[in-house]
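Trainee: here's a sequence, model it:
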Amino acid sequence: MLEFDRLFQTIEELVMLHSPSGAESEINQRLMEKFAALGVNAIVDRADNVIALIKGRNPEKSIAITAHKDEIGALVKTIGERGRVEVRRLGGSFPWVYGEGVVDLLGDKQTISGILSFGSRHVSHESPQKAQQEDVCLKWENASIETKCTAEELAEAGIRPGTRMVVGKHRKRPLRLKDWIASYTLDNKASVAILLALAECLKEPAVNVYLVASAKEEVGAIGALYFTQRQPLDALIALEICPLAPEYPIRDGENPVLLVQDGYGVYDEGLNAQLRAAAAAADVEVQLAVISCFGSDASIAMKFGHVARAACLAFPTQNTHGFEIAHLGAIGNCAAILKAYCDELSDE
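Mentor: Sure, this is the predicted structure:
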């Protein structure tokens, strides 16, 4: 299993790199540097995927392991006369999850920090935000970002409709809770850390292994669909978080989760059987789950007919799409299972 301190440091480094869907250049550059340092050939394709290839003994057969590198957030809708910014969601983000606090607006020329604001609490029913205290849930339409900049200053920084907003680096750094890591954007920076671990430990597998840090997953698995439409694959395995919730019989801790079905369809039984065998070989217990309101690069690509066999291996996570908490052992065990799977593949 990956050593916890080192794994935490890798995830922390990735979390601190902003990568809202469609604006992922900061993490792209770091990933290219890391793959190069490992001596692994990697490219950034036209869909903004970072793709590393571990060449196999039989180059006629290929599998892919994906982990999306984009994160949820918001994008600018309008900029008011006094520079107050209104945003709308990007992916599955909710303003009440972030709370009032520092956010970063990733302008074309400059990043501007502001405060995600919901209005004062000491108000009566004459103020519209009173409804959020008593009656209805908070929506992006009820929020604004206070920058104390003029509209002209924001324009000079390149902040415009479509500019991405993410949680500020001021409050993004992960926290260690014994053997757990707590952080924004473990979905899916922790899975990208698994890709890096596999790039380091996989040596001449039986078949070509593509390690894909996929783009724009949170807005439709766009990067994975582009890649799988062009690259023939014998199997696609997505790395993901798995929500901990009362409706799912999933235990918190170091045991990863192998999905049987999600909101996009049923995963391949044969591939899941191979992954269960790999888990046994790695002496790792896996949990099986059927979950809804969820999709992965793998299930979406299989639904659209881009791959015949797909699976999703995940680590149990609290507070998904919020300040997430996951066991470092579960993340490391995902890497152990996938290494065993790649080692056991036949090149025939």
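
Trainee: which residues of the protein fall in helices?
Mentor: Secondary structure of the chain, counting by DSSP state H: helices at 4-15, 25-37, 95-98, 130-134, 151-156, 186-201, 222-230, 269-281, 297-303, 328-344.

Trainee: where among these is average confidence lowest?
Mentor: Among the helices of the chain, helix 130-134 carries the lowest mean pLDDT, a mean of 56.

Trainee: sorry, back to before: just put the helices of the chain in a markdown table and tack on distance to Leu259 and mean neighbour count.
Mentor: Using the backbone N, CA and C atoms, a C-beta is placed for each residue, glycine as well. Converted to a markdown table, the helices of the chain look like this (distance: least, Cβ to Cβ, whole Å; neighbours: other Cβ atoms under 10 Å):
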| stretch | distance to Leu259 | mean neighbour count |
| --- | --- | --- |
| helix 4-15 | 22 | 19 |
| helix 25-37 | 25 | 17 |
| helix 95-98 | 23 | 19 |
| helix 130-134 | 35 | 13 |
| helix 151-156 | 42 | 15 |
| helix 186-201 | 14 | 25 |
| helix 222-230 | 16 | 21 |
| helix 269-281 | 8 | 17 |
| helix 297-303 | 8 | 26 |
| helix 328-344 | 12 | 23 |
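
Trainee: could you dump those to TSV with distance to Gln261?
Mentor: Below are the helices of the chain laid out as TSV (distance: least, Cβ to Cβ, whole Å):
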stretch	distance to Gln261
helix 4-15	28
helix 25-37	30
helix 95-98	26
helix 130-134	36
helix 151-156	45
helix 186-201	19
helix 222-230	18
helix 269-281	10
helix 297-303	8
helix 328-344	19
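
Trainee: Arg173 is nearest to which of those helices?
Mentor: Closest approach to Arg173 among those (Cβ to Cβ): helix 4-15, 6.7 Å.

Trainee: export that closest one as PDB, just CAs?
Mentor: Extracted C-alpha coordinates of helix 4-15, given in PDB (Å, rounded to 0.1, in the frame of the first residue of the first chain):
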ATOM      1  CA  PHE A   4       0.200   7.600   3.900                       C
ATOM      2  CA  ASP A   5       2.400  10.600   4.400                       C
ATOM      3  CA  ARG A   6       3.600  10.600   0.800                       C
ATOM      4  CA  LEU A   7       0.100  10.000  -0.500                       C
ATOM      5  CA  PHE A   8      -1.300  12.900   1.600                       C
ATOM      6  CA  GLN A   9       1.500  15.200   0.200                       C
ATOM      7  CA  THR A  10       0.700  14.200  -3.400                       C
ATOM      8  CA  ILE A  11      -3.000  14.800  -3.000                       C
ATOM      9  CA  GLU A  12      -2.400  18.100  -1.200                       C
ATOM     10  CA  GLU A  13      -0.200  19.300  -4.100                       C
ATOM     11  CA  LEU A  14      -2.900  18.400  -6.600                       C
ATOM     12  CA  VAL A  15      -5.800  19.900  -4.600                       C
END
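
Trainee: which other helices and strands contact it?
Mentor: Other helices and strands packing on helix 4-15, by 3 or more Cβ pairs under 8 Å, 6 or more residues apart in numbering; DSSP states H and E, are helix 25-37, strand 180-183, helix 186-201, helix 328-344.

Trainee: save these as JSON lines, and put in distance to Lys77 too.
Mentor: Converted to JSON lines, these look like this (distance: least, Cβ to Cβ, whole Å):
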{"stretch": "helix 25-37", "distance to Lys77": "23"}
{"stretch": "strand 180-183", "distance to Lys77": "27"}
{"stretch": "helix 186-201", "distance to Lys77": "24"}
{"stretch": "helix 328-344", "distance to Lys77": "35"}
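
Trainee: out of these, which is closest to Gly295?
Mentor: helix 186-201 (12.4 Å).
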